[in-house]
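Build me a model from this:
(chains A and B)
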Amino acid sequence: DTGVSQDPRHKITKRGQNVTFRCDPISEHNRLYWYRQTLGQGPEFLTYFQNEAQLEKSRLLSDRFSAERPKGSFSTLEIQRTEQGDSAMYLCASSFLAGGAFFGQGTRLTVV
Amino acid sequence: QKEVEQNSGPLSVPEGAIASLNCTYSDRVSQSFFWYRQYSGKSPELIMSIYSNGDKEDGRFTAQLNKASQYVSLLIRDSQPSDSATYLCAVIPDYKLSFGAGTTVTVRA
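Below you'll find the model as predicted:
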C-alpha cells in the first residue's frame, strides 16, 4: 500500500500526558500537512512542511503542539500536557507541491 | 472573513437529481482548488482538482471555477445514495491547503 499511513489509529490518554503521532506520506510527495477535525467541522490547519522545512504553523496552535519532519520523510506530531479539548481526529495529508493532497486514515485522540 | 466558505447544508436531493454545491474563497491569488468527499467516520477523499477558469468533468462530477468571482462549485449528476456524504471545498491561497466547513449531502432513494 503506497498511500499515506498514520499510526496509531486510536489513542486514549489521560489528561496531562504527552502523546505522539506518526505520519508516513506518499514517498514522492514533498508537502506534508497536519490537520485537526472535530465533529461537524472541516479540517482545521495545524502545520505543514515542504521537505524537511516547517513553513507555517497555525496561530491557533498552542506551544503544547510541536511537529517534526526529519530528513523530509515521515513526520511526528507531539501534544504535551494533553487537555480534554485536544480530543479530536488528527489527520495527515501529503501532496506534490500545490497538487491535491491525499489523506491518511487519521488518528482519533480521546483525552479522559 | 473565513478563507473558504461553503453554502450551508444539509442538502437533500432525490436519487437521480443534480446536487449543486457552492464555495467562495477570500484570497484572490489562489491558484489551486479541490473538492473532497468525506463519509462519516472516514478521512477526506480527493475527488476533483481544478486550476483554470471553466468547467472540468469527471464522470458524474463537474467542477466549475470562476476566479473573477472567487467562486468554485461542484455538480453531482444522477445522484446516487452512495453520494451521501460531506463535501469539502479546499483552496491553496498561499502555500497551505485551507478547507471550508463542508456541506452534507443526503440522497433520498
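
Okay, now the sheet partners of the helix or strand of chain A with the lowest mean pLDDT, with direction.
Least confident helix or strand of chain A, by mean pLDDT, DSSP states H and E, is strand A:53-57 with a mean of 87. Paired strands of strand A:53-57, with direction, are strand A:44-50 (antiparallel) (DSSP bridges).

Please work out the average pLDDT along the partner strand.
Strand A:44-50 shows a mean pLDDT of 93.

And for the closest residue to A:Gly42 other than its chain neighbours, the neighbour number?
Using Cβ to Cβ, 6 or more residues apart in numbering or on different chains and skipping the chain neighbours, the partner closest in space to A:Gly42 is B:Phe99 (4.0 Å). Yep, even glycine has a C-beta here, placed from its N, CA and C like the rest. B:Phe99 has 23 neighbours, counted by other Cβ atoms under 10 Å in any protein chain shown.

what's the spacing between B:Phe99 and B:Gly59?
B:Phe99 sits 23 Å away from B:Gly59, going by Cβ to Cβ, to the nearest Å.

Verify the stated contact: A:Cys23 with A:Gln6.
Yes. Using Cβ atoms under 8 Å, A:Cys23 is in contact with A:Gln6, at 5.2 Å.

intersection of neighbour lists for these two?
A:Cys92, A:Gly104 (Cβ atoms under 8 Å, 6 or more residues apart in numbering or on different chains).

quick one: which of the two has more around it?
A:Cys23 (26 against 22).

Near chain A, which residues of chain B are found?
B:4, B:31-32, B:34, B:42-46, B:49, B:88, B:90, B:92, B:94-102 (Cβ under 8 Å from any Cβ of the partner chain).

Quick one: buried ones out of those residues?
B:4, B:32, B:34, B:43-44, B:46, B:49, B:88, B:90, B:92, B:96-102 (16 or more other Cβ atoms under 10 Å in any protein chain shown).

For residue 86, give me its contacts.
If you meant another chain, say so; for now it's chain A. Per Cβ under 8 Å, 6+ apart, neighbours of A:Asp86: A:Ile79, A:Leu109, A:Val111.

Chain B, not that one
Contacts of B:Thr86 by Cβ under 8 Å, 6+ apart are B:Arg37, B:Gln38, B:Tyr39, B:Ser40, B:Gly102, B:Thr103, B:Thr104, B:Val105.
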